[in-house]
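Student: Quick one: sequence and predicted model below, then my questions.
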Amino acid sequence: MFKGVGRKTAQRMALETILLSPERVNQFAASLTHTRTHIRFCKACFYLTWGDYCHICKDTRRQRSVICVVSEPKDVLNIDQTGHFDGLFHVLGGVISPLDGIYPEMLRFKELRDRIVATGVRDVILALNPTVEGDTTVLYLKEYLSGVGVSLYQLAQGIPIGADLGYLDEVTIDKAFEGKRLL
């Protein structure tokens, strides 16, 4: 039911819930219902919010000339929690995946382009997962945003810190060589 929650974790969560008092279960259920009913997508970036605009878009300290493009709201949360990115975000709502029935017209590409043109964004950072679908979406965006006058960047890929080369797959090593830099 929930991505990233395995069978054993789900069992533990179910058992803990069963052991709660009926009042706590009702509070929990009411909280879930309230959240599902009142959470919506930000009108600018499509992150999650209680109002029309999310706390990130309303933050006047953020760089307005830089947008980080992600596939899902959870990616905004993960990147923002690091504290290293101070620009804005744009949530596509997924990645291109014809095998899963997800095509470009189903994602928020037009909204991204319109936003770039309307607000004078200069830099767009594509922070999509390094998968076939993510790479396909990056290639599509590269073509789709050509002529808009922005610089496109992609997050670095390659060997994670602390990794042992003997345990890495060929694609990861290949990406690391592609992204090599002069010291």
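Tutor: Looks like it arrived, so ask away.
Student: how about the CA coordinates for the worst-scoring helix or strand of the chain on mean pLDDT, as CSV?
Tutor: Lowest on mean pLDDT, DSSP states H and E among the helices and strands of the chain sits helix 170-178, with a mean of 84. Output of helix 170-178 as CSV, limited to C-alpha atoms (Å, rounded to 0.1, in the frame of the first residue of the first chain):
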residue,chain,number,x,y,z
GLU,A,170,28.9,-1.2,-14.9
VAL,A,171,26.4,1.7,-15.4
THR,A,172,27.4,3.4,-12.2
ILE,A,173,31.1,3.2,-13.1
ASP,A,174,30.4,4.4,-16.6
LYS,A,175,28.5,7.4,-15.3
ALA,A,176,31.3,8.2,-12.9
PHE,A,177,33.8,8.3,-15.8
GLU,A,178,31.4,10.5,-17.8
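Student: for it, the distance to its chain's centre please.
Tutor: In terms of Cα atoms, centre = their mean, to the nearest Å, the centre of helix 170-178 is set 23 Å apart from its chain centre.
Student: please renumber so the chain begins at 15
Tutor: In the new count, where the first residue is 15, that last one comes out as helix 184-192.
Student: Check what contacts that helix and list those residues.
Tutor: The contact list for helix 184-192, computed with Cβ atoms under 8 Å, 6 or more residues apart in numbering, reads 144, 171, 172, 173, 179. All C-beta atoms are positioned from the backbone trio N, CA, C, and that covers glycine.
Student: Would you mind listing the buried residues in it?
Tutor: Going by neighbour count (16 or more other Cβ atoms under 10 Å), the buried part of helix 184-192 is 186, 189, 190.
Student: Residue 59 contacts residue 102, correct?
Tutor: Yes: counting by Cβ atoms under 8 Å, residue 59 touches residue 102, with 6.2 Å between them.
Student: Who are the packing partners of the helix or strand encompassing residue 139?
Tutor: Under the criterion of DSSP states H and E, residue 139 resides in strand 137-140. Strand 137-140 is packed against strand 80-84, helix 146-158, strand 165-168, with contacts defined by 3 or more Cβ pairs under 8 Å, 6 or more residues apart in numbering; DSSP states H and E.
Student: re the thing from before, more neighbours: residue 59 and residue 102, which one.
Tutor: residue 59 (26 against 23; other Cβ atoms under 10 Å).
Student: Please parse this protein into its domains.
Tutor: 21-52, 73-168 (automatic domain parsing).
Student: Can you lay out these as TSV showing mean pLDDT and distance to residue 67?
Tutor: Formatted as TSV, the domains of the chain follow (pLDDT from 0 to 100; distance: least, Cβ to Cβ, whole Å):
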stretch	mean pLDDT	distance to residue 67
domain 21-52	93	15
domain 73-168	96	10
